[in-house]
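Student: Need coordinates for the following:
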Amino acid sequence: MPERRLRLVTWNVWFGQWRREERQAALWAEIERLEPDVVCLQEVVPEHLAGPEIERLRARGWWVSDEALYDYDVVVLSRVPVRSSERMPLPSMMGRELLTSWLAGEPPLIVATVHLESTAEMTEFRLVQLEQISSRLESERDIVLVGDMNFPAEPDRPESAALADWTDAWAQVRGDEPGYTIDTTVNRMRWLAKRKHDHRRIDRVFVRSDRWRVEAIEIVGTTPLPGDPLTFVSDHLGLCADLVADG
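Tutor: Take a look at the predicted model:
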């Protein structure tokens, strides 16, 4: 059986009001350019799913996790058929959930996305969330966990220990390259919003599988909107990962 390939994009798209319509249009244009098979988005607000871009994707056969969004949440879009999907509420002061989708095809693959609790002082919350995520997914064989993990990629972090049995795709493929998805040197919009410099790798792709591996991974969203050097798709940069499995 020939190898199976899949391209996945994960991105915290920022719920902020700043030039949201223009940023939203730029987001979908970038996604179209990347030609992914699966898209995992965090901080999605209802407006993100109300535009013509979503209807065009549906018309082309894409599956959209279109549960009603009351605030902001995680969403998955897939042009690979989805056998089933599940939302699991997590202990949270911010309404966080784990969204898991079982993709059709051989070998099978499960894609789970999450936006863990924000801010530095919420480590204990994140540990509880990761414990529940691990418990829910422990019996699954071929799985990718992606999203905004909200803790930096440092080996001494307690959250890193909680994910010790997962492979961090960026570290595996790109080694010691910093891979910052929060990068105020690149993203001037982030600097203007926060007024302080910040460089962290908190948006991540984790894999736990004997059959699937990440072959390539890159940061996306590094250029501003045309004609506006201070506006980017999001205050986060995204990740595009190419996965491959030998039948």
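Student: pretty sure Ser134 is touching Ala162, no?
Tutor: Yes - here Ser134 lies in contact with Ala162, judged by Cβ atoms under 8 Å, at a distance of 6.9 Å. To be clear about C-beta, it is placed using only N, CA and C from the backbone, and glycine gets the same treatment.
Student: shared neighbours, these two?
Tutor: Residues touching both Ser134 and Ala162 (Cβ atoms under 8 Å, 6 or more residues apart in numbering): none.
Student: And the two? Which one has more around it.
Tutor: Per other Cβ atoms under 10 Å, whichever of Ser134 and Ala162 has more neighbours is Ala162, with 18 against 15.
Student: And that one, how far from Phe151?
Tutor: Plainly put, Ala162 is 10 Å away from Phe151 if you go by Cβ to Cβ, to the nearest Å.
Student: swap in Phe232?
Tutor: Applying Cβ to Cβ to Phe232 and Phe151 gives a distance of 22 Å.
Student: Against which helices or strands is the helix or strand hosting Arg33 packed?
Tutor: Using DSSP states H and E, Arg33 falls within helix 20-34. With contacts defined as 3 or more Cβ pairs under 8 Å, 6 or more residues apart in numbering; DSSP states H and E, helix 20-34 has these neighbours: strand 4-12.
Student: quick one: the strand it packs on to helix 20-34, angle?
Tutor: On the basis of axes from the mean of the first three to the mean of the last three Cα atoms, to 10 degrees, strand 4-12 is oriented at 160 degrees to helix 20-34.
Student: pLDDT on stretch 146-154, on average?
Tutor: Stretch 146-154 comes out with an average pLDDT of 95.
Student: Buried ones in that stretch, by neighbour count?
Tutor: Across stretch 146-154, burial judged by 16 or more other Cβ atoms under 10 Å covers 146-151, 153.
Student: could you dump those residues to CSV with distance to Asp73?
Tutor: As requested, the buried residues of stretch 146-154 are arranged in CSV below (distance: Cβ to Cβ, whole Å):
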residue, distance to Asp73
Val146, 15
Gly147, 11
Asp148, 12
Met149, 16
Asn150, 15
Phe151, 20
Ala153, 24
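Student: can you pull out the strands in the protein?
Tutor: For the chain, the strands defined by DSSP state E cover 4-12, 38-44, 63-64, 73-78, 82-89, 97-103, 109-115, 143-148, 167-168, 182-183, 199-200, 203-208, 212-220, 238-245.
Student: Point out the other helices and strands that the fourth one packs with.
Tutor: What that stands for is strand 73-78. Strand 73-78 is packed against strand 38-44, strand 63-64, strand 97-103, strand 109-115, with contacts defined by 3+ Cβ pairs under 8 Å, 6+ apart.
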